[in-house]
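Participant: I need the structure of the sequence given here:
(one chain, ligands or ions: 1)
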Amino acid sequence: MERIYLTTPLYYVNAEPHLGSAYTMIITDTLARYYRANGWETFYLTGTDEHGDKVFEVSAGAGIPPKEFTDRISAAFRDIWDKCGITYDHFIRTTDMYHVRYVQELLTKVYDAGDIYFDRYSGLYCFGCERFYTEKELVGGKCPDHLTEPKLIEEDNYFFRMSKYQDRLLRHLKEHPDFIRPEGFRNEVVAMLREPIGDLCISRPKSRLTWGIEIPFDRRYVTYVWFDALINYVSALKYKGEAAFEKFWPEAQHFIGKDILKPHGVFWPTMLMAAGLPLYKHLNVHGFWTVEGQKMSKSLGNVISPLVMKEKIGMDAFRYFLLRESVFGQDADFREESLIGRYNADLANNLGNLVSRVLAMQQKYFDGVVQPLGPKWAIDDRPLYSKFAQAEEELKGYMAELQFHRALESLWSALDDANRYIVRTAPFTLMKYPDKDKLFRVGEVLHHMLEVLRTLARLLAPFLPDTADQLRDLLNLTAATAKPDAAWGACFTPGHTVKPPKALFPRIETEPKK
Ligand code: MSP
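Facilitator: Coordinates of the predicted model:
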């Protein structure tokens, strides 16, 4: 059986879920649903990153002890993803005891193997990023992400011998050209590896920070938040048992935003090498979303919340927009005008109207009762079936390449054909002066169209899960009776009755209410 292990980054609990994190969740959820439906053994992991300076500061600011604070925010994250219908299999918190223990176990192992050493260090530290910067990485002396000057810090710390694994990682990238995708990000990591990467400072003295995982061989220190958090991808599987680890580890596909490429593309694989573990299969890197052309920020007040979007336009429409409007790996812009444009054109007009028209005719002409297909398909019928079979085939390739926009394009191209099929076969014209043959033909045409809807319910399900459920319900089928494996024309039993139409996506005439 084929397997896939999908992971999202663990979100810092100092901010709420927003468009950026929702995008990663929606992509990974779509893939998890797709692969599950196709019979793959799937494990889908998300969670929260709870240690470190940033979280500590925010909890102190709120006047709440950090554990209590993270309990609260982590639960809120989970609740929001649940309300968004995200089907993760496990939610990990870096404060979970099994994770803490596993991080300490791994630190001990790497320390015993001689890949962790103690040294004095002075360097430029950005508190926003929680990492040291080299002069070269700074832009005009400032952190490129936070636009603040890093602070010079001098202290004794533990270091991970990352440099030891530099050549091996470069070789791995050469031998596995799609290890990091898309290619532009792979090239960025290759460029990083062409310069000396140095060793990684992996501890923080408790005199400066106590909110972290204690270094098992020196209680005066806690673990650097990235060294702790990255290990979640393995600790979660270990928690599920050795069998889960054996099954899913080599199949790991990490999904991240481009700002955290270095920890995932350089720190993490070298850490795995030091721990004697095989490397993950793919690191999939997506771009950044802007909002109406601007960087999303609290101060600008333009942060898009997934739950607000759910309420305004529906979760499926939000998912559709994010997946259809962006190209994986590239930056994208969120515009209300484009959202409504796509909603009206693709969802209300194309998909919604098709469903309504078919069910309305089925109701009007046959009281909802599905009619039989004749022994031979008419000339118009075969291409309709073939088009959907082709879309399904294309979908397979596009999902493997993370080209969600193309997958949806293929499906919508089949939808266009289905709309044209109705125009060409013109059941309404045939029904103007019906006779026995015409009536039989209209029954057949509508049967084909109900097959279109049944196929759509299946193919759309990973992208628009609620719509797929509603569609199935309108067809009076359940997940089981929709028989995913039944051939075209072999699902509806004699006398099966479908329901009257319902507007799945009512047209939006004006801006949605704020
Ligand atoms: N805690 C670390 C990840 C540790 S993984 C072991 C972290 N957390 S984060 O909450 O700051 O960011 C989580 C994710 O959100 C990152 O992948 C980041 O790229 C993504 N995004 C934040 N803003 C974004 C956009 N505007 N657009 C797209 N993704 C963005 O980093």
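Participant: all contacts plus neighbour counts: C-alpha atoms, from now on.
Facilitator: Fine.
Participant: how about the residues of this structure that lie near the ligand?
Facilitator: 9-12, 20-21, 49, 229-230, 256-260, 287-290, 296 (Cα under 6 Å from any ligand atom).
Participant: quick one: which of the residues you listed sit in helices?
Facilitator: Of the residues of the chain next to the ligand, the ones assigned to helices by DSSP state H are G20, S21, A229, L230.
Participant: compare the residues you listed and tell me which is most surrounded.
Facilitator: With neighbours defined as other Cα atoms under 10 Å, the most crowded of those is A229; it has 26 neighbours.
Participant: what's near enough to touch it?
Facilitator: Going by Cα atoms under 8 Å, 6 or more residues apart in numbering, A229 touches L10, D49, T94.
Participant: quick one, grab the pLDDT at it.
Facilitator: Residue-level confidence at A229 comes out at 98, pLDDT.
Participant: lowest average confidence, helix or strand, in the protein?
Facilitator: Using mean pLDDT, DSSP states H and E, strand 131-133 stands out as the lowest-scoring helix or strand of the chain, at a mean of 84.
Participant: how far is that strand from where the chain is centred?
Facilitator: Once both centres are worked out by Cα atoms, centre = their mean, to the nearest Å, strand 131-133 turns out to sit 28 Å from its chain's centre.
Participant: average pLDDT for the next helix or strand after it?
Facilitator: Tracing the chain past strand 131-133, the next element assigned as helix or strand by DSSP states H and E is strand 151-160. Averaging pLDDT along strand 151-160 gives 93.
Participant: and the helix or strand following strand 151-160, C-alpha only, in PDB?
Facilitator: Downstream of strand 151-160, the first helix or strand assigned by DSSP H and E is helix 166-175. This file holds the C-alpha atoms of helix 166-175, laid out as PDB (Å, rounded to 0.1, in the frame of the first residue of the first chain):
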ATOM      1  CA  GLN A 166      27.400  20.200   4.900                       C
ATOM      2  CA  ASP A 167      29.000  18.200   2.000                       C
ATOM      3  CA  ARG A 168      26.800  15.200   2.600                       C
ATOM      4  CA  LEU A 169      23.700  17.400   2.300                       C
ATOM      5  CA  LEU A 170      24.900  19.000  -0.800                       C
ATOM      6  CA  ARG A 171      25.500  15.600  -2.300                       C
ATOM      7  CA  HIS A 172      22.000  14.500  -1.300                       C
ATOM      8  CA  LEU A 173      20.500  17.600  -3.000                       C
ATOM      9  CA  LYS A 174      22.400  16.800  -6.200                       C
ATOM     10  CA  GLU A 175      21.400  13.100  -6.100                       C
END
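Participant: report the buried residues of helix 166-175.
Facilitator: Q166, L169, L170, L173 (16 or more other Cα atoms under 10 Å).
Participant: one more: stretch 251-270?
Facilitator: Residues of stretch 251-270 classed as buried: 251-258, 261, 264-270 (neighbour count, 16+ other Cα under 10 Å).
Participant: what does stretch 54-64 give?
Facilitator: The neighbour-count check on stretch 54-64 (16+ other Cα under 10 Å) flags K54, V55, F56, V58, S59 as buried.
Participant: close enough to count as contact, the second one and P65?
Facilitator: Spelled out, that is V55. No - using Cα atoms under 8 Å as the test, V55 is too far from P65 to be in contact (10.7 Å).
Participant: could I get the contacting residues of the closest residue to the ligand within the stretch 51-200 of the chain?
Facilitator: Closest contact between the stretch 51-200 of the chain and the ligand, by Cα to the nearest ligand atom, is at C129 (8.5 Å). The contact partners of C129, taken as Cα under 8 Å, 6+ apart, are D145, H146.
Participant: on the three-state scheme, it is what?
Facilitator: coil (DSSP: H, G, I helix; E, B strand; the rest coil).
Participant: what mean pLDDT does stretch 109-122 have?
Facilitator: On average, stretch 109-122 scores 95.
Participant: and that stretch, how far from the chain's centre?
Facilitator: That offset, for stretch 109-122, works out to 36 Å (Cα atoms, centre = their mean).
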